[in-house]
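In: the amino acid sequence is not available; the structure is as follows:
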């Protein structure tokens, strides 16, 4: 059974999840479907106009320490972005354009590295263009396409699907009708897919 | 190194954590210290006058489904309490009275069973007295002592310590200066204690 991996480019715990998801899915023998979405509208609908990690300081302090432990264990660089959360809208529109394309998972991983390891602004066209170019893609036309209505509609539809499926945070995993929330539940989601 | 297990009697995820904590700590070879506290004042300080699982319905729906999966895997009965969250104040005062007493972990487990498996009201003196009596304790004098200022002060001090240690949810595990939040992080906390 397929496992849908729902992620948001601004989401901290989505970073280690994205970096290991394909590897772990391969090891578990499950098919992974990458589903970018935006947490902003979902948080906004429940009255948050910022990350809960900023709104609730104790939770935020814990999250950054927890992320440091997780990234150290995974051998991942973690550098707290100057602005958190970053605006992942443009990156998410590019990622939905890449649905069904081979480059899309690696594009997603490089956006996460830019955000959480390299101190880059992932809302910046130049940063995203450089990532696309590094993947031998036509950055100019993809960035252009990401600005068009079709890409906006596709991402909006994907977000509506996330809400309909009960998603309220990232990363989330969907297996049939089952939702699993959090990087630390990836293995459980994969095990569920193999039941 | 010791591992502090911080739990709240009204907290759903603290239930499976409490039921397996002593067994897992024994298997891991770490010393477990049971630390009951109250989430109400901590949630209140961040503007919540109810459980976040009630305030945020998508999160609540997920939690009950997730709890059902966890309890099934652990062989634990789960019956959603008629009132959620229950008032765990009296049970917590009894538990702090039992700090350093052999009966306290088993008392705590039986309160969780009453709350989440047996449909009982854990704020009810009769329910708590029956649990104490089932442990061959003098229920009347313990329930009386739990109403005295010393027990109230002890629980309040314990809550202040929880806040000082950065705790914002339950269950939580403290190992030295490290905080781990969630039933699903118990193993990681125990592994940290053995580093």
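Out: Received, thanks. Only a predicted model underlies this, so the values are computations on that prediction, with no experimental measurement involved.
In: C-alpha only now, for contacts and for neighbours.
Out: OK.
In: tell me which element residue A:180 falls in.
Out: For residue A:180, the element it lies in under DSSP states H and E is strand A:178-181.
In: quick one: residues in contact with that strand.
Out: A:165-167, A:169-174, A:186, A:188-189, B:62, B:66 (C-alpha atoms under 8 Å, 6 or more residues apart in numbering or on different chains).
In: beyond it, next helix or strand please.
Out: Next in line after strand A:178-181, if elements are assigned by DSSP H and E, sits helix A:186-193.
In: helices and strands around that following helix, which ones?
Out: Contact analysis of helix A:186-193 by 3 or more C-alpha pairs under 8 Å, 6 or more residues apart in numbering or on different chains; DSSP states H and E lists strand A:3-7, helix A:14-28, strand A:172-175, strand A:178-181 as its packing neighbours.
In: most surrounded residue in the contacts of strand A:178-181?
Out: Among the contacts of strand A:178-181, residue A:171 has the most neighbours (other C-alpha atoms under 10 Å in any protein chain shown), with 29 neighbours.
In: does at least one residue of stretch A:165-177 sit close to chain B?
Out: Yes: judged by C-alpha under 8 Å from any C-alpha of the partner chain, stretch A:165-177 comes into contact with chain B through A:166-168.
In: where's residue A:22 relative to chain B, distance?
Out: From residue A:22 across to chain B, the span is 22 Å (C-alpha to the nearest C-alpha, to the nearest Å).
In: residue contacts, that residue?
Out: residue A:32.
In: sheet partners, orientation included, of the strand holding residue A:180?
Out: With DSSP bridges as the test, strand A:178-181 is paired with strand A:172-175 (antiparallel).
In: list the contacts of the partner strand.
Out: For strand A:172-175, using C-alpha under 8 Å, 6+ apart, the contacting residues are A:1-7, A:179-183, A:186, A:189, A:192-193.
In: just the buried members of those?
Out: Buried members of the contacts of strand A:172-175, scored by 16 or more other C-alpha atoms under 10 Å in any protein chain shown, are A:3-7, A:179-181, A:183, A:186, A:189, A:192-193.
In: what mean pLDDT does the strand holding residue A:180 have?
Out: Regarding strand A:178-181, the rounded mean pLDDT is 98.
In: just how off-centre is the helix ranked longest in chain A within its chain?
Out: In terms of residue count, the longest helix belonging to chain A (DSSP state H) is helix A:57-74. Offset of helix A:57-74 from its chain centre (C-alpha atoms, centre = their mean, to the nearest Å): 17 Å.
In: and that helix, is it in reach of chain B?
Out: Yes: counting by C-alpha under 8 Å from any C-alpha, chain B has neighbours in helix A:57-74: A:58-59, A:62, A:66.
In: with pLDDT added, can I get these in a markdown table?
Out: As requested, those are exported to a markdown table (pLDDT from 0 to 100):
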| residue | pLDDT |
| --- | --- |
| A:58 | 95 |
| A:59 | 96 |
| A:62 | 98 |
| A:66 | 98 |
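In: residues of chain A that sit close to chain B?
Out: Residues of chain A lying near chain B by C-alpha under 8 Å from any C-alpha: A:46, A:56, A:58-59, A:62, A:66, A:166-168, A:179-180, A:184.
In: distance to residue B:41 added to the contacts of strand A:178-181, as TSV?
Out: TSV is the format used below for the contacts of strand A:178-181 (distance: C-alpha to C-alpha, whole Å):
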residue	distance to residue B:41
A:165	33
A:166	29
A:167	28
A:169	25
A:170	28
A:171	29
A:172	30
A:173	33
A:174	34
A:186	33
A:188	33
A:189	34
B:62	24
B:66	26
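In: ok, back up a step: quick one: which of the residues of stretch A:165-177 next to chain B sit in helices?
Out: Per DSSP H, the residues of stretch A:165-177 next to chain B never map to helices.
In: how about those in JSON lines, adding pLDDT?
Out: Output for these, formatted as JSON lines (pLDDT from 0 to 100):
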{"residue": "A:166", "pLDDT": "97"}
{"residue": "A:167", "pLDDT": "97"}
{"residue": "A:168", "pLDDT": "96"}
